[in-house]
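In: what's the 3D shape of this:
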Amino acid sequence: MTKIDKVLYTGKTRTTGGREGASRSDDSQLDIKLSPPGSNRDGTNPEQLFAAGWSACFIGAIGIAAGKRKVKLPQDLSVDAEVDLGISDGAYFLQARLNVRLPGIEPALATALVEEAHQTCPYSKATRDNIHVELQIVE
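Out: Have a look, this model is predicted:
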């Protein structure tokens, strides 16, 4: 396990009520109502929040990989993250798919950027060998 030498940022939230509650950051920039997945109630859920955080971080990691190669990324670069909550043998698990759009980037280079991003993104590191993850470059 890697221990951090220097903390760059700490996100702080307080959540009450679990999946039917609310969550708020200490700086009030995040103030959301929570609801169970698929309930169609007002609010988001932890899987959506995880998908949003991972996809944003992954785009940053692609940017680092592109910078090393002096590659200009397209303005419409996007990552569609899908995080599944599921059950197997009576236990709950997550799995994920990251669908990356890199329009105008040649396929071999896009693959290299995505693979390097998956090695450097902290969310990818946290999930590596813990959950099933699929990476796909899409049009």
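
In: does the residue most central in space within the chain count as helix, strand or coil?
Out: In the chain, the centroid-proximal residue (C-alpha atoms, centre = their mean) is Trp54; its distance is 1.2 Å. When classified by DSSP: H, G, I helix; E, B strand; the rest coil, Trp54 comes out as helix.

In: repeat for the one 3 residues further on
Out: Judged by three-state DSSP, the three-state class of Cys57 is helix.

In: for Gln29, same thing?
Out: Secondary structure, three-state DSSP: Gln29 is coil.

In: In this protein, where is pLDDT below threshold?
Out: Within the chain, no range satisfies pLDDT under 70.

In: those helices in it, which residues are they?
Out: For the chain, the helices defined by DSSP state H occupy 46-69, 107-120, 122-127.

In: what helices or strands is the first one leaning on?
Out: With contacts taken as 3 or more C-beta pairs under 8 Å, 6 or more residues apart in numbering; DSSP states H and E, helix 46-69 sits against strand 78-88, strand 91-101, helix 107-120, helix 122-127. The C-beta positions use only the backbone N, C-alpha and C, and glycine is treated the same way.

In: Now do that helix: distance to the chain's middle.
Out: Average the C-alpha atoms of helix 46-69, do the same for its chain, and the two points are 6 Å apart (C-alpha atoms, centre = their mean, to the nearest Å).

In: what's the angle from it to strand 78-88?
Out: 140 degrees (axes from the mean of the first three to the mean of the last three C-alpha atoms, to 10 degrees).

In: before we move on, the earlier item: export the helices and strands packed on helix 46-69 to CSV and tack on mean neighbour count and distance to Gly67?
Out: Listed next are the helices and strands packed on helix 46-69 as CSV, based on neighbours: other C-beta atoms under 10 Å; distance: least, C-beta to C-beta, whole Å:
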stretch, mean neighbour count, distance to Gly67
strand 78-88, 15, 17
strand 91-101, 16, 17
helix 107-120, 16, 10
helix 122-127, 16, 17
